[in-house]
Each structure stands twice: as C-alpha cells, then as structure tokens.
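Participant: fold the following and give me the result.
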Amino acid sequence: MSTPPAGKLALPELTAKKRRGEKIVMVTAYDAPGARFAEDAGIDVLLVGDTAAMVVLGHESTTVPVTVDEMLLLTRTVARAAQRPIVVGDMPFGSYQVSDEDAIRNAVRFVKEAGADVVKLEGAGPSVSRARAIVAAGIPVMGHIGLTPQSATMLGGFKTQGKTAERALELVNEALELERAGCFSLVLEAVPSAVATRISELLEIPTFGIGAGGGCDGQVLVYHDLLGLTEGHLPRFVKRYANLSGEIKQALGDYAEEVRSGAFPDEEHSYSMDKEELAEFETALESRTPIRE
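Facilitator: Below you'll find the predicted structure:
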C-alpha cells in the first residue's frame, strides 16, 4: 500500500491507544463537509458506512440496496476531504459474499479508486476467509460482529445479539477468529455490555462499540443520529448531541417566507453597479443600440 500522507493517523496508533487505555473515537461520514467537521472535532476514524443507504440515499429500513459504485463515490468524497482520520470504506452487501477473489477485487477498488485507508466487512463464518484474503492482498480489514445489518433477516431482525451464554461464547469465538485472520479492529454492535467488555479484554486489537457499552476500546455512532438529523424511532444506544433537524427546518422555513414576502434578497445581499455604467446601460437599452465594442 502507498505511504499515508503526513499527519495521517497510523493503524498501529489505534492498538497503542488501546494499550494505553485511551478511548478511540469513530463516526460515520458520507460527504466532504461532514468529513471536515469530524476532523476539526478530533475524530480518529471516519467510517463511510453502508448506513448511507438510509441516511443519505433514502432507503427506509435496510442497508442492503446500496451499491459498490455508490459507496465508492461517497468514500472518495470523504477521503478527499479528510487528512488525519483513518478512512474506512464499508463494503456493501454482495461485494464480498460470493468468493475470496470477488472480495479482494472490490476491496482493491475501495483503496485504489476511492482512496480508503482500510475496508470493513460484516460477520464471521465465510467472512473470516474473506478478511484473511483481503489482508493477504495488503489491505487492512475492520471486522464487524453482533448485530450485522446486512444479514439482519437471518438474525431475526434488528435485535441484540449474545444475550444467552451460548450465543455470547459464539461471539467470543467469532471475534478471536477475525483477529487471527488479521483484522486490525472489530466493531461490536448491539451486544450486552458485559459480553463486549470481555471480548475487548480478550482481543489484542481494538474494539469499537455501537450499542455495546463502555467497555469497548472505542465508540462509533452514525453522524446523522448523533446530530439529530434523523427523525423517527432511533435505537436505544443512540444519544443525540444536537437537534439540527429542527434548526434546519426553521432556517428553510424562514428562507421560504422571506422569498415569498419579498424580504429576501435585500440590498445587503445584492450586487450594485456604478451609477454612470447603469445610466449608460439604461440609455442603450432604451435605444436598443450596442453599448460599446
């Protein structure tokens, strides 16, 4: 892989943070402004998540419809805007499930065409082989277990995973398998806090929790959720740090009202013209003759 630009956070630093007990911050990003805002706020990792299907592309309740080309476009936009954070390209459904070769081919596209630093894929089982193959091709991989939205139907819906001792042990084994396959980090989604804490303790690689409690090495939330841009029901683990949807609606409403009333644009928001030039323009317009060559 190419040498990261100066100032870019290096992957080993994430593991070093875990060893030092420093929490790591990840947030999703889907466009250049969001990437720049996150970088200015000191975010460590930007996940260009397939959640874009819902929060950006308008699909109501699933991440499955988003395509590789759509994810490449969004990832390229974020990678272009972000300098320091690690940019994670989320491999969408269908981009790695078929074979190791297919997974490598699409992972290469995320790095070569979109500028991602690393890629993320969901699940264990066959995904362990996929992760191992992608890592062997020279591309770092972030794993993802627990609630895996791309396969939520098989899991019985968007439900907490690992609530029984048997399933919790399965998650431990899945985490260890992905670590052995070469994953540099792991997302734990919708997992009981006690289980996520034990997994984090067992792994040498850092974990990112989303609905997995404070025992993980880092946390991730969806950009639109934490800023209050998402409306309707939200998962229990989402904390709103702002209510931007209300402010945006108010601003748009004020704009519409001023346009309709004629209050906008006013003189302050308009361009003027030199009086002599204006007079020449009016005279020429009235006579319909050319102003000058």
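
Participant: now do the closest residue to residue 56 other than its chain neighbours: how many residues are near it, please.
Facilitator: Excluding the flanking residues, the one nearest residue 56 by Cβ to Cβ, 6 or more residues apart in numbering is residue 30, at 5.0 Å. (Glycine included, C-beta is placed from N, CA and C.) For residue 30, the count of nearby residues is 25 (other Cβ atoms under 10 Å).

Participant: now residue 27
Facilitator: Residues near residue 27, counting by other Cβ under 10 Å: 24.

Participant: quick one, what contacts it?
Facilitator: Residues counted as contacts of residue 27 (Cβ atoms under 8 Å, 6 or more residues apart in numbering) are 38, 43, 45, 46, 47, 220, 221, 222, 223, 226.

Participant: among those, who's most crowded?
Facilitator: Busiest of the contacts of residue 27 [other Cβ under 10 Å] is residue 47, holding 31 neighbours.

Participant: quick check: it touching residue 220?
Facilitator: Yes - with contact defined as Cβ atoms under 8 Å, residue 47 reaches residue 220; the gap is 6.2 Å.

Participant: overlap in contacts of these two?
Facilitator: What both residue 47 and residue 220 touch, as defined by Cβ under 8 Å, 6+ apart, is the set 26, 27, 28.

Participant: how about the last one, phi and psi?
Facilitator: Yep, that's residue 28 we're talking about. phi -80, psi 160 (degrees, to the nearest 10).

Participant: for beta bridges, what are the partners of it?
Facilitator: Judged by DSSP bridges, the bridge partners of residue 28 are residue 47.

Participant: ranges for the strands of the stretch 151-293 of the chain?
Facilitator: When assigned using DSSP state E, counting those that start in this stretch, the strands of the stretch 151-293 of the chain occupy the ranges 185-189, 207-210, 218-221.

Participant: buried stuff in the longest one?
Facilitator: Pointing back at strand 185-189 there. By neighbour count with 16 or more other Cβ atoms under 10 Å, strand 185-189 contains the buried residues 185, 186, 187, 188, 189.

Participant: got it, and stretch 12-21?
Facilitator: Neighbour-count burial for stretch 12-21 [16+ other Cβ under 10 Å]: 14, 15, 17, 18.

Participant: still on that earlier bit, of the strands of the stretch 151-293 of the chain, which is nearest residue 81?
Facilitator: Nearest to residue 81, of all the strands of the stretch 151-293 of the chain, is strand 218-221, at 18.8 Å by Cβ to Cβ.

Participant: may I have the closest one as CSV, with CA atoms only?
Facilitator: Output of strand 218-221 as CSV, limited to C-alpha atoms (Å, rounded to 0.1, in the frame of the first residue of the first chain):
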residue,chain,number,x,y,z
GLY,A,218,-13.8,3.0,21.2
GLN,A,219,-17.2,4.0,20.1
VAL,A,220,-19.0,4.7,16.8
LEU,A,221,-22.2,6.4,16.1
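
Participant: sweet, I'm off.
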